[in-house]
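Colleague: Turn this into a structure:
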Amino acid sequence: MRMIRLVCLTTALTCSLLLPGATTPAHAFESNGPDIAVGNVTAHLQALSDIAAANGGNRAHGTSGHNASVDYVKGKLDAAGYTTQKVAFTYNGKTGYNLIADLPGGDTTNTVMVGGHLDGVSSGPGINDNGSGSAAILEVALRLAASGETPTKHVRFAWWGAEELGLIGSTRYVQGLTTTQRSQIDSYYNFDMVASPNPGYFLYDGDNSDGTGSGPGPTGSAQLEQVLGDYFTGIGVPTRGTDFDGRSDYGPFIQYGIPAGGTFTGAESRKTAAQVQLWGGTTTAHDPCYHSSCDTMANLSTTALDRNADAIAHAVWTVAQVGDVTPPPAACAEHTGTGTLASRATSYQPSSTGFAAAAATIRGCLDGPTGTDFDLYLQRRSSTGTWSNVAASESSGADEEISYTATAGTYRWRVYAYSGSGAFTLGYDVE
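Modeller: Numbering: from 1, shown residues only. Sure, this is the predicted structure:
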């Protein structure tokens, strides 16, 4: 992530430094996702608060409060058309639950997972920790179902149990998958405590640009961080990194090499003077009611909740490719090649030896991974056996397209990962 955000006017050749605490950028930002109504999110939180009040004041593992919380979320998802599983597990002699919800459709070999823990501690209702993340994810899931869109990638939401006892539910889930099933998880976003009353705006440091703690996340985590970073930059809110320190449910995913990301607004640590200058607030704890009885509906920043709910939607719509991302057009669909590239690496398609073509129009459409810069080249072999570029598409994005009027000869495609890494699809035809 970048530590200093520059906001550039689109109508002039000038840039202005984003001032601390600024809430609007110098130009309009269009999120890939919808605006999530924060009132709907707080309504879910009120329901969780009422559940805690009716069940001994908490929603901890093994309690009727946690079970009722799972049933509340499951009921909303079932009504919206999700395929849900309430998966029981036992820990410390008590029964807990993971709730898994799959949106029908999308490529199940490329599954985007979004999750957060639904349990709380026994000392209070757990509204910020982690009712806030649970409620925001729920509303995004309901909005996705209501959109009627079928994402290109499969989307799976998860609400974990017994996180407060050591990431028990999420660990049981990931460890219970086969190697093939884990390989089909394209990415995992985790949202835990997204409405702290004295908030910071932290992104899990996928690229280790902060250079502290446990290092970067698995390959692809930097791109997940960048998607969220782009959103907050777009709305004029600076961000900082938070380490993959194993304190939340991304832990078992990164243990198995699954790319991860997410947001966090702070827990018991104190906001520094520099952070106050950046975001406002006071040099007190980000959440003074962390793991306490006062973690109630009064212990929320609705501004942070609103921003994070919208950021979650932006991330889901972007990474899962909802609505505005289409497959290669029919003109590029006669042949398909796929591959995975590390940054600055090359793939030749359909092979390094190429394909024969008569005098014709050759078209190619590259669909690269979100948040990267992949380039596409068409190369022709000379009579001496050397290859040279005859057409190129080198935009700053992940997707490229070429249409080239060719003479008879031998050609090949070169896919180049200029920046970022991940899986790509190349569609091409010869007419």
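
Colleague: My understanding was that Ala162 contacts His61; is that so?
Modeller: Yes. Using Cβ atoms under 8 Å, Ala162 is in contact with His61, at 4.2 Å. For the C-beta atoms, the positions are set from N, CA and C on the backbone; glycine is no exception.

Colleague: which residues are in contact with both of those two?
Modeller: Counting by Cβ atoms under 8 Å, 6 or more residues apart in numbering, the contacts common to Ala162 and His61 are 91, 96, 119, 168.

Colleague: so what's the last one up against?
Modeller: Going back to what we said before, that points to Ile168. Neighbours of Ile168 in contact, by Cβ under 8 Å, 6+ apart: 61, 89, 91, 96, 161-162.

Colleague: In strands, which of the residues you listed fall?
Modeller: Members of the contacts of Ile168 lying in strands (criterion: DSSP state E): 89, 91, 96.

Colleague: check contacts around the second one.
Modeller: Looking back up the chat, that one is Tyr91. Per Cβ under 8 Å, 6+ apart, neighbours of Tyr91: 61-62, 162, 165, 168.

Colleague: how does it look with 7 Å?
Modeller: Contact analysis of Tyr91 by Cβ atoms under 7 Å, 6 or more residues apart in numbering lists 61, 162, 165, 168.

Colleague: Now render those residues as a markdown table, adding distance to Gly234.
Modeller: Below are those laid out as a markdown table (distance: Cβ to Cβ, whole Å):
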| residue | distance to Gly234 |
| --- | --- |
| His61 | 38 |
| Ala162 | 36 |
| Leu165 | 37 |
| Ile168 | 37 |
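
Colleague: Helices - which of those land there?
Modeller: Among those, the ones falling in helices (DSSP state H) are Ile168.

Colleague: what about stretch 259-267, distance to the chain center?
Modeller: Distance of stretch 259-267 from the chain centroid (Cα atoms, centre = their mean, to the nearest Å) equals 10 Å.

Colleague: Could you give the average pLDDT over that stretch?
Modeller: Averaged over stretch 259-267, pLDDT sits at 97.

Colleague: wait, which of the contacts of Ile168 is closest to Glu394?
Modeller: Gly161 (47.8 Å; Cβ to Cβ).

Colleague: Isn't the closest one up against Asn98?
Modeller: Yes. Gly161 lies in contact with Asn98 (Cβ atoms under 7 Å); the separation is 5.4 Å.

Colleague: Report the set of residues contacting both of these two.
Modeller: With Cβ under 7 Å, 6+ apart, Gly161 and Asn98 have common neighbours Gly169.

Colleague: of these two, who's got more company?
Modeller: The neighbour comparison of Gly161 against Asn98 (other Cβ atoms under 10 Å) goes to Gly161, with 32 against 24.

Colleague: Please report how far the more buried one lies from Ala260.
Modeller: 19 Å (Cβ to Cβ, to the nearest Å).

Colleague: and what of Leu99?
Modeller: In terms of Cβ to Cβ, Leu99 sits 19 Å off from Ala260.

Colleague: same deal with Pro104?
Modeller: Taking Cβ to Cβ, one finds Pro104 at 25 Å from Ala260.

Colleague: ok, Ala359 - contacts?
Modeller: 406-408.

Colleague: Restrict those residues to the buried ones and give me that as a ChimeraX selection.
Modeller: Provided next is the ChimeraX selection string for whichever of the contacts of Ala359 are buried by 16 or more other Cβ atoms under 10 Å:
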select :406
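
Colleague: got the domain boundaries for the chain?
Modeller: Using automatic domain parsing, the domain parsing of the chain gives 6-319, 330-430.

Colleague: Give me the contact list for the helix or strand where Ala309 lies.
Modeller: Assigned by DSSP states H and E, Ala309 falls within helix 302-319. Helix 302-319 is contacted from outside by 31-36, 38, 41-42, 112, 114, 132, 136-137, 139-140, 143-144, 155, 187, 189, 191, 194-196, 199, 224, 227-228, 231-232, 235, 237, 263, 265, 322-323, 370, using Cβ under 7 Å, 6+ apart.

Colleague: Counting neighbours, which of these end up buried?
Modeller: Applying 16+ other Cβ under 10 Å to those, the neighbour count classes 31-34, 36, 38, 41-42, 112, 114, 132, 136-137, 139-140, 143-144, 155, 187, 189, 191, 194-196, 199, 224, 227-228, 231-232, 235, 237, 263, 265, 322-323, 370 as buried.

Colleague: Where do the helices of the stretch 1-150 of the chain begin and end?
Modeller: 38-54, 64-80, 133-147 (DSSP state H, counting those that start in this stretch).

Colleague: didn't Tyr82 look like it was pressed against Asp102?
Modeller: Yes. At 6.4 Å, Tyr82 and Asp102 qualify as touching, with contact defined as Cβ under 7 Å.

Colleague: So these two - more neighbours on which side?
Modeller: Tyr82 (22 against 19).

Colleague: Would you state the strands of the stretch 151-300 of the chain in chain order?
Modeller: 153-160, 185-191, 202-204, 240-242, 260-264 (DSSP state E, counting those that start in this stretch).
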